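J.: return a 3D structure for these sequence lines:
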Amino acid sequence: MPSPLKLVILDRDGVINHDSDDYVKSLDEWIPYPSAITAIARLSQAGWTVAVATNQSGIARGLYDETTLAAMHRELGRRVTAAGGEIAHIAYCPHGPDDGCDCRKPLPGLLEQIRDALALESLEGSWMVGDSLRDLQAGEPLGCRPVLVRTGKGERTLARGEGLRHALVFDDLAAFVDWLLQQTR
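T.: Numbers count the residues shown, from 1 in each chain. This is a model prediction of the structure:
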């Protein structure tokens, strides 16, 4: 049996940075979890590819624009690089819930974008890490293994419990990375 793909796909808000029910609308409001930046770097250093799949409906809602989002993603990349890591690709959905797109999670479009951008045949066996059920559902049709973190909206998601029977649950991204790197030694 071939070894699983060494790819970890992360949701952004609530996994990499603090989330807000009022949306993360500016670079000043984008506050990463320090342990998440380090965790991404550790994955990279261990030979894992890291990508991000994030719904950003605040763009469709007129709360911020794609230039502001790009600034947040540049800062994310800068911090991860400074820590010794790399993010291979960031896919985002700028649409609102009623826009009828194919990229808004729980649909798999963002993950398909990542697959295509990284020139992969499949995402089977990769990891999808999120703080909401829709994050995990986006990876299901593509064979991603689901991981729920308790940060962000993770505790609320866990309390609902629906659809999480196959998900591994960790306190945060760093705890997942600790576990994953132990498994793959």
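J.: show me the helices in the chain, by range?
T.: For the chain, applying DSSP state H gives helices covering 34-45, 66-82, 109-117, 133-139, 154-160, 173-183.
J.: quick one, which of those helices is nearest to Lys25?
T.: Closest to Lys25 of the helices of the chain is helix 66-82 (C-beta to C-beta; 7.3 Å). For the C-beta atoms, the positions are set from N, CA and C on the backbone; glycine is no exception.
J.: biggest strand in this protein, by residue count?
T.: Secondary structure of the chain per DSSP state E: the longest strand is strand 49-55.
J.: in this protein, where is pLDDT below threshold?
T.: By pLDDT under 70, the weakly predicted segments of the chain are 1-4.
J.: just the CA trace of stretch 65-84, in CSV.
T.: The C-alpha trace of stretch 65-84 is given here as CSV (Å, rounded to 0.1, in the frame of the first residue of the first chain):
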residue,chain,number,x,y,z
ASP,A,65,-11.6,43.6,0.1
GLU,A,66,-9.3,41.2,-1.6
THR,A,67,-6.4,43.6,-1.2
THR,A,68,-6.9,43.5,2.6
LEU,A,69,-7.1,39.7,2.5
ALA,A,70,-3.9,39.5,0.5
ALA,A,71,-2.2,41.6,3.1
MET,A,72,-3.3,39.2,5.8
HIS,A,73,-2.0,36.2,3.8
ARG,A,74,1.3,38.0,3.1
GLU,A,75,1.8,38.5,6.8
LEU,A,76,0.9,34.8,7.4
GLY,A,77,3.5,33.8,4.9
ARG,A,78,6.1,36.1,6.3
ARG,A,79,5.6,34.8,9.8
VAL,A,80,5.6,31.1,8.7
THR,A,81,8.8,31.8,6.6
ALA,A,82,10.4,33.5,9.6
ALA,A,83,9.7,30.5,11.7
GLY,A,84,11.4,28.2,9.1
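J.: list the buried residues for it?
T.: Judged by neighbour count (16 or more other C-beta atoms under 10 Å), stretch 65-84 contains these buried residues: Thr68, Leu69, Met72, His73, Leu76, Arg79, Val80, Ala83.
J.: stretch 161-171 too?
T.: Of the residues in stretch 161-171, Ala167, Phe170 count as buried by neighbour count, 16+ other C-beta under 10 Å.
J.: check the separation of the first and last residues in it.
T.: In stretch 161-171, first residue to last residue: 16 Å (C-alpha to C-alpha, to the nearest Å).
J.: can you offset everything so residue one is 13?
T.: Done: numbering now begins at 13, and the last item shifts to stretch 173-183.
J.: what sits up against it?
T.: Here stretch 173-183 makes contact (C-beta atoms under 8 Å, 6 or more residues apart in numbering) with 145, 148-149, 157-163, 169-170, 188, 191.
J.: rewinding a little: and the longest strand of the chain, what does it pack onto?
T.: In terms of contacts (3 or more C-beta pairs under 8 Å, 6 or more residues apart in numbering; DSSP states H and E), strand 61-67 is packed against strand 19-22, helix 46-57, helix 78-94, strand 101-105, helix 121-129, helix 145-151.
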